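Enquirer: Sharing a model that was predicted from the sequence below.
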Amino acid sequence: MDKKGYISRIREDLRNARKHSKTTIESIAKSFGITNKNLVKEYTELAIILNAREVAHDSSLSTYEKYLDIVAIYKSQVNLSMRTSMSVLMQQYSTPAPISFLASSYIIKSGSLSGYKAFKNIVKGSTKGKIVGNAHKHPNYNISPQYLEPSAGNGLLTIALPYHQTYVNELDDVRLENLKQQPFAKVSSWDALQPPKAYDRKFDGIVTNPPFGSLSEPILFGKFKIKRLEHAMALNALRCMKDDGKAAIIIGGHTTWDEHGRVTAGTNRIFLNYLYHFYNVDDIIPINGKKLYSRQGTSINTRLILIDGAKAVPEGAAPLKNKLHSMVVNSHEELWDRVGLGKYKSPQPKSNDVKVIKLRAKAILIKQKQLSLGKLPQSNRPLRILVACEESQTVTLALRSRGHEAHSCDILPTTGKHPEWHIQDDVLNQLDKDWDMMIAFPPCTYLTVSGNAWMHDPERQKQRKKALTFISKLMKAPIDKIAIENPVGVISTKIRKPDQIIQPYHFGDKAKKTTCLWLKNLPQLEPTKIIDENLLEYKHWYDKKKRRWRRQPLWYYKARDLSDDERRRVRSKTFQGIADAMADQWTPKLTVQLRRFKTA
């Protein structure tokens, strides 16, 4: 059985947003000699944990960016529905990575070494190999905050916590072994209903998701009779928290209230009364299980309880029903806002930072769709690709450099370096030549919005109608995969709206040119290198006729003194970053790999 090889494979698939079904994941596991379904689940979860932890401790990312990346991991992971009879009996459900990240981030003590990377990799060639790091050598090690997860599973709820400051506990043998392969401060295996006395008020933070169930006999916590396993385990965990510590607790179900607005009588009221009497309950967040928990193998509704220290003087009880505590969280964005890490964990991002973050999140989602919907070409043979209405050969050469049989086609001769790859003809005559794909750049002279000022001319109206007919014929071409590029114009109103709008500065070029894409059987392009808009290149000059300063993109301005034909050719040329993205993301990876997303 090659556990290490299997985990490495799943981690790589998660990085590439490659989704799996229960069938495919079990097939991959079998190829590594792993046939036990419970082991498949536990090892898959460990791969998810290691990737999520890697993101959580990436110092180059803001807290919000880390969260978005971890949400992407969650959306890419297989549904962990492979469970044993014991895990079903004990209601052992691990917490989804995004919720785990927020919960563990909430309890981090201000000023701690949360971003310090404590692990590197699994030692090669050793059956006793652990994930190793040197965080324990930090000069402030002895005074660092300490954290506890008393029902740790494989360690999901600890992903934002530093390994060397975190104590974990687990009874399950498989999960215990997985914990021992990670460099936690201490890994133990005691009954979570009876924490060691040495742990009383020892920890700065507690995070836990205890298994659900009923106790055979009630346990008294002072005058409070606790009958539920998860409630008793949570309260015992809180006994290990310092008075000024923090805790994040996951328990099942949503709070309900009676007609007087009180928490419904029963075990839940007793538990919540105890919490509110002894602790400062920051929030109790009801989470929609179907929306935010289902990929973890269950759709059960849950609550995230956030506690900010113990009360100096115990008093009070659970409050009456209020709008906040009854407001169910239905999305990851709502959960981020509700936990409120952005309010006190990191400074508010600048407006340009927000744009980059949102584009980055969109790129992640696009990449997920590319693979999950099966829209990325899987064949390993070179494709025959028609690059219509291109005489510059920018896109053609990008495709050729990836090993594909691409031909540019235009009524004009090519200005590129390879006339042998150019078809000088009306592209409509070439549509039935057994192409695998067509990428078309039809002339935009009569189609752009900027040309509307001259549309009172009957001749221009006639040319626009002719241009739209040409576009329709390209869209209906007998070719499996089609992409049509054009600026913002009347195609959107007269035929249909574009599938995607992109900018050159999403792909590494310091230029702005709003570009629309109409796609057939092709995924949206994933941004590859986002340039800050403040770094884009412009030409400023004083317009004497209009008596005002004007600004144009530098690439556009430079063509103003050229002849009409030459200016049209230069301004219609595809930017190299977009050409490379088309070649990389729309064709099989014959000679290159997809570039990892990055920002600049």
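Expert: That came through fine.

Enquirer: pLDDT weak spots in the stretch 51-200 of the chain?
Expert: Under the criterion pLDDT under 70, the flagged ranges of the stretch 51-200 of the chain are 80-93, 111-143.

Enquirer: hmm, 50 instead?
Expert: 83-91, 112-142 (pLDDT under 50).

Enquirer: so where do the helices sit in it?
Expert: For the stretch 51-200 of the chain, the helices defined by DSSP state H, counting those that start in this stretch occupy 63-76, 85-90, 97-107, 173-180.

Enquirer: Looking at those, spot the one closest to Gly253.
Expert: Nearest of the helices of the stretch 51-200 of the chain to Gly253, taken as Cβ to Cβ: helix 97-107 at 15.4 Å. The way it works is simple: take the backbone N, C-alpha and C, and place the C-beta from them, glycine included.

Enquirer: what helices or strands is the closest one leaning on?
Expert: helix 37-56, helix 63-76, strand 203-208, strand 241-252, strand 302-310, helix 332-339, helix 341-344 (3 or more Cβ pairs under 8 Å, 6 or more residues apart in numbering; DSSP states H and E).

Enquirer: Please identify the pairing partners of the next helix or strand along the chain from the third one and their relative orientation?
Expert: What it means is strand 203-208. Next in sequence after strand 203-208, counting helices and strands by DSSP states H and E, comes strand 214-221. Using DSSP bridges, strand 214-221 pairs in its sheet with strand 224-228 (antiparallel).

Enquirer: of the helices of the stretch 51-200 of the chain, which approaches Lys473 most closely?
Expert: Comparing these under Cβ to Cβ, the one sitting nearest is helix 63-76, at 38.3 Å.

Enquirer: Kindly tell me how buried Val328 is, as a neighbour count.
Expert: Using other Cβ atoms under 10 Å, Val328 has 14 neighbouring residues.

Enquirer: And Glu537, by the same measure?
Expert: 15.

Enquirer: wait, it sits on Tyr556?
Expert: No - Glu537 is beyond contact range of Tyr556, at 10.2 Å (criterion: Cβ atoms under 8 Å).

Enquirer: Among the helices and strands packed on helix 97-107, show me which one is buried the most.
Expert: strand 203-208 (a mean of 25; mean count of other Cβ atoms under 10 Å).

Enquirer: In terms of secondary structure, what does it contact?
Expert: Judged by 3+ Cβ pairs under 8 Å, 6+ apart, the packing partners of strand 203-208 are helix 97-107, strand 147-149, helix 229-238, strand 241-252.

Enquirer: That strand to helix 97-107, inter-axis angle?
Expert: Strand 203-208 runs at 160 degrees relative to helix 97-107, counting by axes from the mean of the first three to the mean of the last three Cα atoms, to 10 degrees.

Enquirer: And the contacts of strand 203-208?
Expert: 103-104, 107-109, 112, 145-151, 157-158, 161, 167, 233-234, 237-238, 240-242, 244-250 (Cβ atoms under 8 Å, 6 or more residues apart in numbering).

Enquirer: Now list the buried members of those.
Expert: Burial by neighbour count, judged by 16 or more other Cβ atoms under 10 Å, picks out 103-104, 107-109, 112, 145-151, 157-158, 161, 167, 233-234, 237-238, 240-242, 245-250 from the contacts of strand 203-208.

Enquirer: if we can go back for a sec, format the helices and strands packed on strand 203-208 as JSON lines; extra columns: distance to Asn38.
Expert: Converted to JSON lines, these look like this (distance: least, Cβ to Cβ, whole Å):
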{"stretch": "helix 97-107", "distance to Asn38": "20"}
{"stretch": "strand 147-149", "distance to Asn38": "21"}
{"stretch": "helix 229-238", "distance to Asn38": "21"}
{"stretch": "strand 241-252", "distance to Asn38": "22"}
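
Enquirer: Relative to Arg496, which of the ones you listed is closest?
Expert: Using Cβ to Cβ, the nearest of the helices and strands packed on strand 203-208 to Arg496 is helix 97-107, at 35.1 Å.

Enquirer: in the closest one, what counts as buried?
Expert: Residues 97-107 are the ones in helix 97-107 that count as buried (16+ other Cβ under 10 Å).

Enquirer: In this structure Glu405 contacts Leu383, no?
Expert: Yes - contact criterion Cβ under 8 Å: Glu405 and Leu383 qualify, at 6.9 Å.

Enquirer: and this structure, what are its domains?
Expert: Domain assignment for the chain, taken from automatic domain parsing, gives 94-115+131-348, 379-599.

Enquirer: Turn these into JSON lines, including distance to Thr35.
Expert: Converted to JSON lines, these look like this (distance: least, Cβ to Cβ, whole Å):
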{"stretch": "domain 94-115+131-348", "distance to Thr35": "14"}
{"stretch": "domain 379-599", "distance to Thr35": "29"}
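
Enquirer: just flag whichever of those domains has the lowest average confidence.
Expert: Across those, domain 379-599 has the smallest mean pLDDT, namely a mean of 84.

Enquirer: Val395: neighbouring residues, count only.
Expert: Neighbourhood size, Val395 [other Cβ under 10 Å]: 25.
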